[in-house]
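1. sharing a sequence plus its predicted fold:
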Amino acid sequence: MVTFYRRLPKFYYVAPNAIEEVLSLLSQYKDRAKVIAGGTDLVPKLKRREIKAPEYIIDLKGIPDLDSIRYSEGSGLRLGALVTIHAVETSPVIGEKFSVLFQAAQSMASAQVRNRGTIAGNICNAVPSADTAPALLVLDAELKLISLRGERLVKIEDFFIGPNKTVLTGEEILQEIRVPELLGGKGVYLKLAPRHSMDLAVVGVAVAVVLENGVCREVRIALGAVNPIPMRARKAESIIKGQRMKAEVVERAAQIAAEECRPISDHRASAEYRIEMVRVLTKRAINQALFS
């Protein structure tokens with residue numbers, strides 16, 4: 001299928017230089033406006049006329065301090081709304097202490113997109129195949145949402161409510177992603193895609209495991225592209241938690257994860273294939289987290 005890109009539709013472009021101005025504009029325009037950080041998802045959709053053009057586009061790129069990566073021992077990691085995918089994939093502290101997010105960022109898109117696109121934008125678009133969503137799910141991330149009415153913290157597990165839908169209101173923006181430390185744990189993100197990073201995930205699996213003397217103290221398994229929203233595989237987690245890690249335990253957990261997901265068949269893969277690949281990748285990710 002050939003995609004013919006057209007010119008952008010007409011809209012008013014606004015580039016505020018203070019967060020207060022952004023919130024004031026959103027309070028005024030509400031659903032008549034859309035916020036962009038990198039614009040790598042919104043702009044192509046507007047060109048292809050896949051979504052209705054907003055009356056106003058509010059660009060966050062001029063807001064100071066939203067591109068900061070901050071880490072402190074005990075408090076964990078904080079990512080501003082303008083932190084790019086490239087900044088995450090090249091951050092030494094994220095590579096060392098939050099490897100599952102590091103790997104997810106490396107798996108995404110092209111170098112050009114990673115330099116422009118943001119982690120916040122990836123999750124706010126809320127596509128089921130978003131690579132950073134499973135990674136942030138196993139890291140138990142929280143999202144700081146702000147508006148003129150105040151701020152609220154939302155667990156990332158509660159953030160997605162459907163394909164391309166989140167709990168964000170028309171007056172809110174995601175200001176910061178907060179990621180607690182997984183003390184003593186290891187994380188792995190595996191992605192199945194025809195052309196690796198250049199394609200959307202057919203299946204994405206993130207795993208985080210904490211072992212103590214060979215026994216699983218904590219485990220989190222998250223799946224992408226196999227459910228209307230990114231999901232935790234909690235039944236699979238319950239198979240492993242508290243168990244001494246053996247091959248049959250890992251195999252059973254992988255099978256349960258495959259049974260938990262609810263994929264669709266589309267032009268990229270059948271539902272049956274996706275289910276089998278969840279089993280394969282979950283088993284592989286758990287083993288890598290345990291023994292790498």
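-> Received the coordinates, thanks.
2. strands of the stretch 151-292 of the chain, start to end?
-> Under the criterion DSSP state E, counting those that start in this stretch, the stretch 151-292 of the chain contains strands at 160-162, 165-166, 173-179, 185-192, 203-212, 215-224, 231-232.
3. and those strands: which comes nearest residue 290?
-> Comparison of the strands of the stretch 151-292 of the chain against residue 290 by Cβ to Cβ identifies strand 203-212 as nearest, at 6.0 Å. In this view, the C-beta of every residue, glycine as well, is placed from N, C-alpha and C.
4. and the closest one, what's buried?
-> Of the residues in strand 203-212, those buried by neighbour count under the rule 16 or more other Cβ atoms under 10 Å are 203-211.
5. next one: that strand to chain centre, how far?
-> In this view, strand 203-212 has its centroid 15 Å away from the chain centroid, taken as Cα atoms, centre = their mean, to the nearest Å.
6. and the angle for that strand with strand 185-192?
-> Angle of strand 203-212 versus strand 185-192, following axes from the mean of the first three to the mean of the last three Cα atoms, to 10 degrees, is 160 degrees.
7. helices or strands next to strand 203-212 in the packing?
-> Under the contact definition 3 or more Cβ pairs under 8 Å, 6 or more residues apart in numbering; DSSP states H and E, strand 203-212 sits against helix 99-106, helix 132-138, strand 185-192, strand 215-224, helix 271-291.
8. need the winner for burial among these.
-> Neighbour counts (mean count of other Cβ atoms under 10 Å) averaged over each of the helices and strands packed on strand 203-212 peak at helix 132-138, with a mean of 30.
9. contacts for it next, please.
-> Contact with helix 132-138 is made by 85, 100-101, 103-105, 108, 119, 122-123, 156-157, 160, 177, 179, 187, 189, 204-208, 220-224, 230-232, as judged by Cβ atoms under 8 Å, 6 or more residues apart in numbering.
10. remind me which helix or strand residue 96 belongs to.
-> Under DSSP states H and E, the secondary-structure element containing residue 96 is helix 92-97.
11. and that helix, how far out from the chain middle?
-> On the basis of Cα atoms, centre = their mean, helix 92-97 sits 17 Å off its chain's mean C-alpha point.
12. please save the CA atoms from it in PDB.
-> Output for helix 92-97, consisting of C-alpha atoms alone and laid out as PDB, is shown next (Å, rounded to 0.1, in the frame of the first residue of the first chain):
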ATOM      1  CA  PRO A  92      24.900   5.900  31.500                       C
ATOM      2  CA  VAL A  93      22.700   6.000  34.700                       C
ATOM      3  CA  ILE A  94      19.700   4.600  32.800                       C
ATOM      4  CA  GLY A  95      21.800   2.000  31.200                       C
ATOM      5  CA  GLU A  96      23.200   0.900  34.500                       C
ATOM      6  CA  LYS A  97      20.200   1.100  36.800                       C
END
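13. phi, psi of residue 118?
-> Listed backbone geometry of residue 118 is phi -120, psi 160, with angles given as degrees, to the nearest 10.
14. doesn't residue 39 make contact with it?
-> No - with contact taken as Cβ atoms under 8 Å, residue 118 and residue 39 are classed as non-touching, separated by 9.4 Å.
15. neighbour count winner among these two?
-> Set residue 118 next to residue 39 and count neighbours by other Cβ atoms under 10 Å: residue 118 wins out with 32 against 19.
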